[in-house]
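Peer 1: What shape does this take:
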Amino acid sequence: MDLLKFLSPKHAMLVHGEKPRMSILKKKIESEMGIKCYDPPNGGLVKIPSATVHVKAQTSDSFAKSCQSPNFSLSRCSTSGAVLSTDLASPLTVTDDRVGEAILFVDGGKARGVHKDELELELIVSGEGKPQVVLFGHCFPIRSKNLTNATGRLGLSGSRSLLKVLALELSHLFPQVDVQNMGDFLQVGSFILSVCTNASCTRRSSEVPGDPSTTCTYFCCSWCMEDEKLALAIISSVRNSL
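Peer 2: So this is what the prediction gives:
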């Protein structure tokens, strides 16, 4: 359950367990988290629908070069696979954990995969020479009895009470950063989080996990590229702690 809460998948499959326990767990996952769960028999076939969209895109030279940069790591291993740091006679193992990250940039119906360092230049070109600010955004739902109980204990109500609870929680989880409660929104660096009341918000997730009997609250957030890791960590913490 903790893993599913952390990853927030659309589908889950239970395998290698006792049938009665798997059935109970399946019902719990579907009722509490709103995630479609499968419990196939041994040798059974399950078809899981996919909403993956495949886009044909060209790549920039900078992105291609970044993928060519090796990321070698060397280690000496025994025949059993255990890593040995002192036995110089043991076999040498070379691994290349190469990862390429690109941003899909669409302009005039044409898609290109560009390196993150090129994005600002691409936006200036497409914006007729005017500097552009790159902001990422996400709007996600939370169903939580704990959130309602916490605001009740503080004797508060409304969106500001929710933000006050979140500010206290984030200050505890991220003591190394300054969590500012601005009243109508929280701010950590360029990351801004607020309660979203716009039913047609284009950033919203299409699916609402959790128990339908509990109240659902949407939180809308935005951040700059340099705070991407922090933003994703905060969003994940909000989802998992409530």
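
Peer 1: hang on, residue 63 packs against residue 105?
Peer 2: No - the pair residue 63 / residue 105 is not scored as a contact, 10.3 Å apart, by C-beta atoms under 8 Å. Placement of C-beta: from N, CA and C, glycine included.

Peer 1: anything in contact with each of these two?
Peer 2: 113-114 (C-beta atoms under 8 Å, 6 or more residues apart in numbering).

Peer 1: Need the per-residue pLDDT for residue 155.
Peer 2: On pLDDT, residue 155 comes in at 54.

Peer 1: and what of residue 222?
Peer 2: 92.

Peer 1: next one: the one 10 residues further on
Peer 2: Looking at residue 232, its pLDDT stands at 89.

Peer 1: how does the chain divide up, domain by domain?
Peer 2: Taking automatic domain parsing as the reference, the chain has its domains at 2-38, 58-126, 135-241.

Peer 1: ranking these by mean pLDDT, which is last?
Peer 2: Within those, confidence is poorest for domain 58-126, with a mean of 68 (mean pLDDT).

Peer 1: still on that earlier bit, comparing residue 63 and residue 105, which residue is more hemmed in?
Peer 2: When neighbours are counted by other C-beta atoms under 10 Å, residue 63 and residue 105 differ, and residue 63 comes out ahead with 21 against 17.

Peer 1: which residues does that one contact?
Peer 2: Applying C-beta under 8 Å, 6+ apart as the definition, the contact partners of residue 63 turn out to be 100, 102, 113-115, 118.

Peer 1: Give the helix, strand or coil label for it.
Peer 2: Here residue 63 is helix, with the state taken from DSSP: H, G, I helix; E, B strand; the rest coil.

Peer 1: Excluding chain neighbours, give the residue nearest to it in space.
Peer 2: For residue 63, the nearest residue in space outside its immediate sequence neighbours is residue 115; the separation is 4.4 Å by C-beta to C-beta, 6 or more residues apart in numbering.

Peer 1: What separation do you get for that neighbour and residue 62?
Peer 2: Computed as C-beta to C-beta, to the nearest Å, the residue 115 to residue 62 distance reads 4 Å.

Peer 1: between those two, which one's more packed in?
Peer 2: The residue with more neighbours, out of residue 115 and residue 62 and counting by other C-beta under 10 Å, is residue 115; that gives 20 against 14.
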